[in-house]
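**Q** heads up, no residue letters with this:
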């Protein structure tokens, strides 16, 4: 039945479908249900990863250190690219200590505005305009970075920004000794 050689291309499924059309319908339904479940699961994971990053950035805008720490893994790694490697943050407790001194907590106001967001699996790429109101002046820093989320927690975060532009602005506004990080 059918074209010569068709059976060879269909393999084992071809003859079974020819003999039992009802079974073929069940197989297609099972395959379709499996594919749908896979797609729904993937979509839910994608949504969860994205919503974790958005909630994390929103917690910074709200100056909510407890919420930020709740959204990072115990072994989180944060690399702030213009800073030297020894300033890399490793672990939730170091993260808590470092961000307790950061302008998103100590500033008068904070606003992390997401300009672009793209996702590839567990990795979310974000272009932001971070703003911190310090001594009545808004310091705005264009930043690009990415965050990796696993099991609803940020496990890795790396930001890239132009330190020279930041330093020129803060020196003109506050003087050469200014730092956004507060000493404790």
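**A** Ah, there it is. Just so you know, these numbers come straight off a predicted model, no measurement behind them.
**Q** give me the element residue 117 is part of.
**A** strand 109-120 (DSSP states H and E).
**Q** ok, residues contacting that strand?
**A** Identification of contacts with strand 109-120 by CB atoms under 8 Å, 6 or more residues apart in numbering yields 46, 49-50, 53-54, 57-58, 60-63, 103-104, 124-133. All C-beta spots, glycine's among them, are computed from the backbone N, C-alpha and C.
**Q** Tell me the buried residues within the residues you listed.
**A** The neighbour-count test (16 or more other CB atoms under 10 Å) applied to the contacts of strand 109-120 identifies 49, 53, 57, 60-61, 63, 103-104, 124, 126, 128, 130-132 as buried.
**Q** which of these lies closest to residue 76?
**A** residue 53 (13.1 Å; CB to CB).
**Q** for the closest one, what are its contacts?
**A** Contacts of residue 53 by CB under 8 Å, 6+ apart are 117, 124, 126, 147, 149, 154.
**Q** If we only consider those residues, which is nearest to residue 71?
**A** Using CB to CB, the contacts of residue 53 come closest to residue 71 at residue 154, 5.8 Å.
**Q** Spatially nearest residue to that closest one (excluding sequence neighbours)?
**A** Leaving aside its sequence neighbours, residue 154 sits nearest to residue 72 (CB to CB, 6 or more residues apart in numbering; 4.7 Å).
**Q** That neighbour against residue 95, yeah?
**A** Yes: contact criterion CB atoms under 8 Å: residue 72 and residue 95 qualify, at 5.7 Å.
**Q** who has more neighbours, those two?
**A** Neighbour tally, residue 72 and residue 95, criterion other CB atoms under 10 Å: the higher count belongs to residue 72, 25 against 22.
**Q** just how off-centre is the longest strand along the chain within its chain?
**A** Secondary structure of the chain per DSSP state E: the longest strand is strand 137-150. Distance of strand 137-150 from its chain centroid, counting by CA atoms, centre = their mean, to the nearest Å, is 11 Å.
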